[in-house]
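Q: Okay, structure incoming, though there's no sequence with it:
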DNA sequence: GTTTATGCAAACTATTTGCACTTTA
DNA sequence: TAAAGTGCAAATAGTTTGCATAAAC
């Protein structure tokens, strides 16, 4: 059976990009940190274990390439750092994010949720939606539970 | 009758911030470009007409201050530049954006549209929503009309 | 053997900060 | 006049680029 990494390799090939050890190592790091929101620097540090000679510029170039291939999505949560988020395989759209303003945690929402909103945008604004970015800022369940003084005793 | 700028001045005062000519000039520029999505550099260029001695650092400091006071919202459309967008007076939430991938135009949606989605997020993810960022990427009505070969004759 | 990719260092861009001086309240 | 704000220049941080070398196909 074909693995996720094999399919990404094929995508590289069909774009007539070469399959280098640096690219493969970078993809592996992303797959191993699917839940995280790594910056280029984060990826660089992690990928150095697998390919110690790699340069930061190569990481940037690879991440740009993977963004182009829609393997990852580039996102920015407001600190001036771009983060790279593996797109769920076969996902038509980018998933959504919950950023906690207390602890900084970033959680993901894979559910679409925007189907109706996009229909309205297409109809009322005559705008052909190709992709979206949706981020909620607020208090996550962990921080919510923490500050709550057990008012919900049964 | 009290004007928008007077109310913003009061907000500054009640935060015990001083009202300097540089700050007033910056606010005026933002008010005069309510529809735009100006970068700090853009604001700097425009504000120089009103206050030629102003420095770029002051513009950055003022924009940060206005963000804190929720007079403006800071947003990033993916080029590495922060843009500052005047919040509609009395608006509970930040408005949404339509970014055209053809021509780069940025249009605004003032309608909420996310009420239902936020209810779901609060209920199903136990996340207390305080604010959001929603941007659609796609083809705007202008570019859509341009490329369309008149297939919609009556 | 060509073309494409890499690593390094230098360049660039957006933003922040330190500090002496000025202004506001 | 005390506290806060300003302008300038230097520092910082993230990202990009030029180029000689190396690897993939």
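A: Received it, and whenever you're ready, just let me know what you need. Owing to the predicted nature of the structure, the values given are computational and were not obtained by experimental measurement.
Q: surely residue A:12 meets residue A:24?
A: No. In terms of Cβ atoms under 8 Å, residue A:12 does not count as a neighbour of residue A:24; the distance is 9.2 Å. Where you see a C-beta, it was placed from the backbone N, CA and C, and this is true even at glycine.
Q: Packing partners of the helix or strand where residue A:116 lies?
A: Assigned by DSSP states H and E, residue A:116 falls within helix A:115-124. For helix A:115-124, the helices and strands in contact under the criterion 3 or more Cβ pairs under 8 Å, 6 or more residues apart in numbering or on different chains; DSSP states H and E are strand A:128-139.
Q: so the strand it packs on versus helix B:115-124, what angle?
A: Orientation of strand A:128-139 against helix B:115-124 (axes from the mean of the first three to the mean of the last three Cα atoms, to 10 degrees) gives an angle of 40 degrees.
Q: Residue numbers of chain A in contact with DNA strand C?
A: Within chain A, the positions near DNA strand C by Cβ under 7 Å from any atom of the strand are A:16-18, A:20, A:22-23, A:51, A:53-58, A:61-62, A:80.
Q: in stretch A:83-102, what's buried?
A: For stretch A:83-102, the buried set under the neighbour-count rule, 16 or more other Cβ atoms under 10 Å in any protein chain shown, comprises A:83-87, A:93-100.
Q: residues of the helix holding residue A:116 that come out buried?
A: By neighbour count, and taking 16+ other Cβ under 10 Å as the criterion, the buried residues in helix A:115-124 are A:117-118, A:121.
Q: Of the residues you listed, which are in range of DNA strand D?
A: On the criterion Cβ under 7 Å from any atom of the strand, none of the entries of the buried residues of helix A:115-124 sits beside DNA strand D.
Q: between these, which is nearest residue B:143?
A: Lowest distance from residue B:143 to those (Cβ to Cβ) belongs to residue A:121, with 15.1 Å.
Q: now the closest one: how far from DNA strand D?
A: Plainly put, residue A:121 is 28 Å away from DNA strand D if you go by Cβ to the nearest atom of the strand, to the nearest Å.
Q: and that residue, how far is that from DNA strand C?
A: 27 Å.
Q: Let me know whether that residue touches residue B:109 as I believe.
A: Yes. Using Cβ under 8 Å, residue A:121 and residue B:109 qualify as a contacting pair, with a distance of 7.2 Å.
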